[in-house]
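# A predicted structure for the sequence below; I have some questions about it.
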Amino acid sequence: MPSPRLTDQVASQLSDRLRRGEWKPGERLPTEHQLSAEFGVSRPTVRSALSRLESLGLTITRHGLGTFATPAHAEIRADLRRLESLSATIRASGLDAQMIYRSRRARAATSEERERLELPERSQVVATNRSLTASGELVAFSYDVIDRRVLPTDFEVSSLTGSLFEALARHGIEVATAVTEIHAAAGGNVGWGKRPRNAAYVLLSQVHYQDNARPVMFNRTYFIEGKFTFSLVRAR
């Protein structure tokens with residue numbers, strides 16, 4: 001089975017090279033055998049990385065002919081089938097990701113949060129408000145809550161930085177699945193600070209679960225329209 005870490009590394013490097021124009025639209029990429037030798041990884045790992053690029057719309061594979069570059073896009077592309085941190089998605093697009101925390105605090109859960117996270121009355125959550133930039137450009141705002149019970153009793157809220165997936169993993173909490181709702185959104189009540197006027201947003205409302213089906217995190221992330229492109233391969 002291909003290593004997810006190696007697949008991510010190969011896909012990220014190939015994505016960066018495609019965006020720099022190393023292969024022009026319609027030009028064929030090296031073969032799986034050539035890429036395997038170049039990166040020092042197995043052919044299944046290369047095949048998995050190329051599949052990732054195709055799902056993001058960066059390449060197209062024609063059976064018997066090879067993998068070809070498609071016209072590059074300025075937006076960040078995210079495959080809705082994959083559950084990964086926003087920071088990882090941006091880095092895979094060849095850009096620098098920065099997560100800026102506006103607030104972090106422990107508080108009582110709202111009724112909606114208790115329902116989403118299956119919490120009893122008077123439960124506590126760790127709530128954060130974050131903005132996300134890609135190479136210095138604002139791309140999203142995120143409002144997040146984590147079930148306080150899954151974190152150590154001596155957990156310091158102020159220690160939260162960067163990706164919440166990575167922060168949870170440091171405490172032995174692995175997010176396995178998510179139930180995602182997608183909505184259109186607009187309005188001046190979204191976000192804070194300097195942001196586009198009259199912006200439209202793509203809202204992803206998600207409940208994240210451990211592999212034992214226990215919900216651990218709920219977030220609403222507002223992506224500025226035109227900054228992210230979400231893709232999903234469909235077939236009959």
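Nice, thanks for sending it over.
# Now do Thr180 against Asp8, distance only.
21 Å (CB to CB, to the nearest Å). C-beta here means a position set from N, CA and C on the backbone, and glycine is covered the same way.
# For the two, indicate the residue with more neighbours.
Asp8 (17 against 14; other CB atoms under 10 Å).
# need the contact list for the more buried one.
Ala88, Ala92 (CB atoms under 8 Å, 6 or more residues apart in numbering).
# a strand runs through it, doesn't it?
No. Assignment of Asp8 by DSSP: H, G, I helix; E, B strand; the rest coil gives helix, placing it outside any strand.
# how's this protein carved up into domains?
Structurally, the chain divides into domains by automatic domain parsing as follows: 4-69, 76-231.
# is it possible to export these to TSV including mean pLDDT?
Formatted as TSV, the domains of the chain follow (pLDDT from 0 to 100):
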stretch	mean pLDDT
domain 4-69	88
domain 76-231	92
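# looking at this structure, which residue lies furthest from center?
What lies farthest from the middle of the chain is Gly64; by CA atoms, centre = their mean that is 32.2 Å.
# in the sheet, who's paired with the closest residue to Gln98 other than its chain neighbours?
Ranked by CB to CB, 6 or more residues apart in numbering and with sequence neighbours excluded, the top spatial neighbour of Gln98 is Thr133, at 4.8 Å. Taking DSSP bridges, one finds Gln98, Leu138 as the beta-bridge partners of Thr133.
# got a list of what Thr133 touches?
Contact analysis of Thr133 by CB under 8 Å, 6+ apart lists Ala97, Gln98, Ile100, Val139.
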